[in-house]
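# Need the 3D shape of this:
(one chain, ligands or ions: 1)
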Amino acid sequence: MIVKQIWTANAYRNFNYLIACPETGEALAVDPLDHEKCLKVAKEAGWRITQIVNTHEHNDHIGGNGPLVQETGASILAHASARNRIPGMDRGLQAGDVIKVGKTVELEAMDTPGHTMSHVCLRSHTDQPALFSGDTLFNAGAGNCHNGGHPAELYKTFSEQLAKLPGSTRIYPGHDYVENNLRFTLDREPDNARAAGMLGKLKGQDPGRAYVTTLDEEREINTFFRLTNPSVIARLREAFPALPREPDAKTVFLKLRELRNKW
Ligand SMILES: [Zn+2]
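Residues are numbered from 1 along each chain as shown. Prediction:
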């Protein structure tokens, strides 16, 4: 499996992806908003884009479908219940569905509601696993829920699905928000040396050659995976004085999500 992360350099800071089979040159495009850049990268590598996966229905993820289909004839795959919101959808995905790319690549669809209620993540069945996480999990952060999402569902997705993936899983999100997210982590947890070190390393990085985190790293630097950390809870209590003495993880997650919206 070859992964190309494509930096769109747009105002929303979108990442698009090509996932290719090295044997056949077939490629799958994830959220190819910048269809021209995706086509250019595919052409240079000698790949044919045969499938598009939209992680969810927002315009900055599906906006490149039309022209890319016109150019390549690729089929469009997305969450089964996004069918009436994504024009021209060919295949509806459900949890556990396998998407084959060429001969060597298998991607498994995960049903990951929260950012929207029809959001899929893709995980690869490779030696070093990869997760294409759309707007559910960002490097050092979590997706918002204010355009058709639900924070309680996002918590469930994090705790019941994402947190259980192998620590070596490489995280490929739909946007480059890592710098802001690390600042939020440090605002919540000023003594987080790993997050401070990561911010020092990634500050001002070229998103065209972005650092790719693993899930193990996310557990250290992503406040949404650090729900039982005493510093996180103590700082949260400053914002929410009525927080119980030993708040459960879900309460902490929801309050963090609420704070992040205003931050
Ligand atoms: Zn979105």
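
# From now on I want contacts and neighbour counts done on CA atoms only, so please keep to that.
Noted.

# For this structure, which segments count as strands?
Assigned by DSSP state E, the strands in the chain fall at 2-7, 15-20, 26-30, 48-53, 75-79, 91-93, 98-101, 105-111, 120-124, 130-134, 137-138, 141-142, 170-173.

# Can you lay out the ones you listed as a markdown table showing distance to F225, mean pLDDT and mean neighbour count?
Listed next are those as a markdown table, based on distance: least, C-alpha to C-alpha, whole Å; pLDDT from 0 to 100; neighbours: other C-alpha atoms under 10 Å:
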| stretch | distance to F225 | mean pLDDT | mean neighbour count |
| --- | --- | --- | --- |
| strand 2-7 | 24 | 98 | 18 |
| strand 15-20 | 22 | 98 | 25 |
| strand 26-30 | 25 | 98 | 27 |
| strand 48-53 | 26 | 98 | 24 |
| strand 75-79 | 25 | 98 | 24 |
| strand 91-93 | 27 | 98 | 17 |
| strand 98-101 | 27 | 98 | 18 |
| strand 105-111 | 19 | 98 | 22 |
| strand 120-124 | 17 | 98 | 25 |
| strand 130-134 | 15 | 98 | 24 |
| strand 137-138 | 10 | 98 | 26 |
| strand 141-142 | 9 | 98 | 26 |
| strand 170-173 | 14 | 98 | 24 |
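
# Nearest to L215 among the ones you listed would be which one?
L215 lies closest to strand 170-173 among the strands of the chain, at 6.5 Å (C-alpha to C-alpha).

# List the contacts of the closest one.
For strand 170-173, the surrounding residues in contact (C-alpha atoms under 8 Å, 6 or more residues apart in numbering) are 5, 15, 128-139, 212-215.

# Show the end-to-end separation of stretch 21-28, please.
With C-alpha to C-alpha, to the nearest Å applied, stretch 21-28 spans 9 Å between its terminal residues.
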